[in-house]
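Undergrad: Here is a sequence with its predicted model. Questions after.
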Amino acid sequence: MGMVPSVLIVDDEKHTREGLQQALAETYDVSVAANADEAFNLMDAQPFDVILTDLRMPGKSGLKVIDKALTLSNRPAVLMMTAYGNVESAVEAMKRGAVDFLTKPVNIERLEVLIQRALKTKTLEVEVKQLHERLDEKFNFHEIIGHSAKLQAVIERVKLVAPSRATILIEGESGTGKELVAQAVHQASPRARAPFVAVHCAALSENLLESELFGHERGSFTGANERRIGRFESADRGTLFLDEIGEISQSTQVKLLRFLETKAIERVGGSKPIELDVRLVAATNRNLEQQVREGKFREDLFFRLNVVRITMPPLRERAEDVPLLLAHYLKIFSDENGAPPLTLEPGALRTLQSYPWPGNIRELRNFCENAVVLHRGGSLSEYDLDARYRGGAAAPSAGAGQGSGASAAPASGSLSVEDNEKRLLREALIKSRGNRTKAAKLMGISRRTLHRKIAEWPELDVTD
């Protein structure tokens, strides 16, 4: 909507058109049309916020004007004018999508009220549409990247539970993106405009954690020189994310349970309960049920936290997402470092896809950052990768040299990665009669990499 809302008046009676135009011209940007066809031309030429159309006109009726208005991308709100007593046609118009109707002769005050109401509805529709678009953007989830079924299941669950007030427990190994999911829950909830506050419980000692979470009163312990507002109070009306909840002490567990039961906290050294509206999202890389069985974690607190559970899949269970994640982070770090883009050769991509990523996405991010900083552009072949990434991937290709047969080694798996690589390189060099460019091609590596390997292992050099 522009600064001055635009109104189109469609009526075949000249005096009605002009009377309405004069009445509305001070407040609105008004256009007029004498019939449906003129109105169509104007609607195609410019967007309108509100269309006021007569129902009965020679040629196409006002119903056609409604139909046309509903097909426009920037949908105007349509108000219908009808002769006194013609209620059936007004009902038909409302069914077609008009937002309201007026009887003729038109009462200008009532018309202005209806236009304002229509504009308000339109603004709301636009806001809702923007909110949905924002949510859809959020569900690209910043960095929650991947098409795998397991990840999509997590995203669907977040969409489902985010709008509620339910406490959520996110479980999963370190580095699987638990905090990103907590942020997505917050962003997709009615609390999105209020604070998202994250606390990493394992990083703080028991006393520090309690004062960090609940705040403290002045003089409540040595060094407490002034009152401190804790993270719970900072997160009022928003979301508090407690990471590594399995690490908190029994006394903090009791205080947390009290909050979940009463929706109130007390500052350390204070006695007055402070009521808060905070949604709690907790995360753990531990097996909390196991900790409950071992008596390390309170069962009642576990049940309170475990209202809705979201399980993050480890990266090894969604290998199909690895190429997407690599592309995403390589681009981010190349941009950050002002480096030219780094491409992964097919062999490198295959190797990285079959690597189990024990450190999950965090490990993959670090890999990408190191690769960008060390290589600064160009392409990365599997032989440029550190041996640990190639651990599981190099062995199967050991039989690649034709005619090598089983006699070359007792079993492909029993050779070290380095021996395999040396043997393949040697065969490639023999096959290409020492032509290094051809050998590099056969191996699917760059000439630069081949030179480096030969420098590393001079015994391979079979150049004529």
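TA: Okay, I see it. Residues are numbered from 1 along each chain as shown.

Undergrad: what ranges do the helices span in the stretch 101-250 of the chain?
TA: For the stretch 101-250 of the chain, the helices defined by DSSP state H, counting those that start in this stretch cover 108-138, 149-161, 178-187, 206-214, 231-234, 250-262.

Undergrad: Packed most tightly, which of those helices would that be?
TA: Highest mean neighbour count among the helices of the stretch 101-250 of the chain (mean count of other CB atoms under 10 Å): helix 178-187, with a mean of 22. Any C-beta I mention is one placed from the backbone N, CA and C, and that applies to glycine too.

Undergrad: Including distance to residue 197 and mean pLDDT, could the helices of the stretch 101-250 of the chain go into JSON lines?
TA: Output for the helices of the stretch 101-250 of the chain, formatted as JSON lines (distance: least, CB to CB, whole Å; pLDDT from 0 to 100):
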{"stretch": "helix 108-138", "distance to residue 197": "18", "mean pLDDT": "76"}
{"stretch": "helix 149-161", "distance to residue 197": "19", "mean pLDDT": "91"}
{"stretch": "helix 178-187", "distance to residue 197": "10", "mean pLDDT": "93"}
{"stretch": "helix 206-214", "distance to residue 197": "10", "mean pLDDT": "89"}
{"stretch": "helix 231-234", "distance to residue 197": "5", "mean pLDDT": "94"}
{"stretch": "helix 250-262", "distance to residue 197": "14", "mean pLDDT": "94"}
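
Undergrad: residues contacting the closest residue to residue 111 other than its chain neighbours?
TA: Among residues not flanking residue 111 along the chain, residue 102 sits closest, at 6.1 Å (CB to CB, 6 or more residues apart in numbering). When contacts are counted by CB atoms under 8 Å, 6 or more residues apart in numbering, residue 102 touches 79, 80, 81, 82, 110, 111, 114.

Undergrad: repeat that with 10 Å
TA: Counting by CB atoms under 10 Å, 6 or more residues apart in numbering, residue 102 touches 52, 79, 80, 81, 82, 90, 108, 110, 111, 114.

Undergrad: hey, what's it bridged with?
TA: Beta bridges link residue 102 to residue 81, judged by DSSP bridges.

Undergrad: Looking at the contacts of residue 102, spot the one nearest residue 23.
TA: Of all these, residue 108 has the smallest distance to residue 23: 4.9 Å, by CB to CB.

Undergrad: Make sure that closest one is actually in contact with residue 25.
TA: No: with contacts counted by CB atoms under 10 Å, residue 108 stays clear of residue 25, the gap being 12.0 Å.

Undergrad: quick check: domain ranges of the chain?
TA: As given by automatic domain parsing, the domain ranges for the chain are 6-129, 149-311, 317-460.

Undergrad: all strands for the stretch 201-350 of the chain, in order.
TA: 239-243, 264-265, 274-275, 279-284, 308-311, 342-344 (DSSP state E, counting those that start in this stretch).

Undergrad: partners of the second one, with directions?
TA: So that's strand 264-265. strand 274-275 (antiparallel).

Undergrad: would you turn the strands of the stretch 201-350 of the chain into TSV with distance to residue 32, mean pLDDT and mean neighbour count?
TA: As requested, these are exported to TSV (distance: least, CB to CB, whole Å; pLDDT from 0 to 100; neighbours: other CB atoms under 10 Å):
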stretch	distance to residue 32	mean pLDDT	mean neighbour count
strand 239-243	52	96	25
strand 264-265	62	94	18
strand 274-275	58	93	12
strand 279-284	52	97	24
strand 308-311	56	95	16
strand 342-344	60	91	19
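
Undergrad: how about the ones you listed in a markdown table, adding distance to residue 232?
TA: Shown next, in a markdown table, are the strands of the stretch 201-350 of the chain (distance: least, CB to CB, whole Å):
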| stretch | distance to residue 232 |
| --- | --- |
| strand 239-243 | 6 |
| strand 264-265 | 5 |
| strand 274-275 | 8 |
| strand 279-284 | 9 |
| strand 308-311 | 20 |
| strand 342-344 | 44 |
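
Undergrad: returning to that earlier point: worst average pLDDT in the domains of the chain?
TA: Note on the domains of the chain: lowest mean pLDDT is at domain 317-460, with a mean of 76.

Undergrad: mind checking the end-to-end distance for that one?
TA: 39 Å (CA to CA, to the nearest Å).

Undergrad: just checking, what packs against the strand or helix carrying residue 18?
TA: For residue 18, the host element (DSSP states H and E) is helix 14-24. Packing partners of helix 14-24 (3 or more CB pairs under 10 Å, 6 or more residues apart in numbering; DSSP states H and E): strand 6-10, strand 29-33, strand 50-54, helix 108-138.

Undergrad: now the angle from it to strand 50-54?
TA: 150 degrees (axes from the mean of the first three to the mean of the last three CA atoms, to 10 degrees).

Undergrad: got a list of contacts for helix 14-24?
TA: Under CB under 10 Å, 6+ apart, the answer for helix 14-24 is 5, 7, 9-11, 13, 28, 30-34, 50, 52, 54, 81, 104-106, 108-109, 111-112, 115.

Undergrad: Neighbours of residue 225, how many?
TA: 8 (other CB atoms under 10 Å).

Undergrad: Now the nearest residue to it once chain neighbours are set aside: phi and psi?
TA: Distance criterion CB to CB, 6+ apart; nearest residue to residue 225, sequence neighbours excluded, is residue 218 at 6.7 Å. Backbone torsions for residue 218, taken as degrees, to the nearest 10, come to phi -60, psi 140.

Undergrad: From residue 274, how far out is residue 218?
TA: Separation of residue 218 from residue 274 (CB to CB, to the nearest Å): 16 Å.

Undergrad: can you check residue 146 too?
TA: Per CB to CB, residue 146 is found 41 Å from residue 274.

Undergrad: And for residue 236?
TA: Taking CB to CB, one finds residue 236 at 9 Å from residue 274.

Undergrad: one step back: can you pull the buried residues of the helix holding residue 18?
TA: 16, 17, 19, 20, 21, 23, 24 (16 or more other CB atoms under 10 Å).

Undergrad: Tell me which two of these sit farthest apart.
TA: Maximum distance among the buried residues of helix 14-24 (CB to CB): 12.4 Å, for 16 and 24.

Undergrad: what's the first-to-last distance across stretch 235-246?
TA: Using CA to CA, the two ends of stretch 235-246 sit 21 Å apart.

Undergrad: same thing with stretch 277-290?
TA: 31 Å.

Undergrad: Going forward, count from 22.
TA: Taking 22 as the first residue, the last one we looked at is stretch 298-311.

Undergrad: these two touch, right, residue 231 and residue 249?
TA: No: Residue 231 is beyond contact range of residue 249, at 11.1 Å (criterion: CB under 10 Å).
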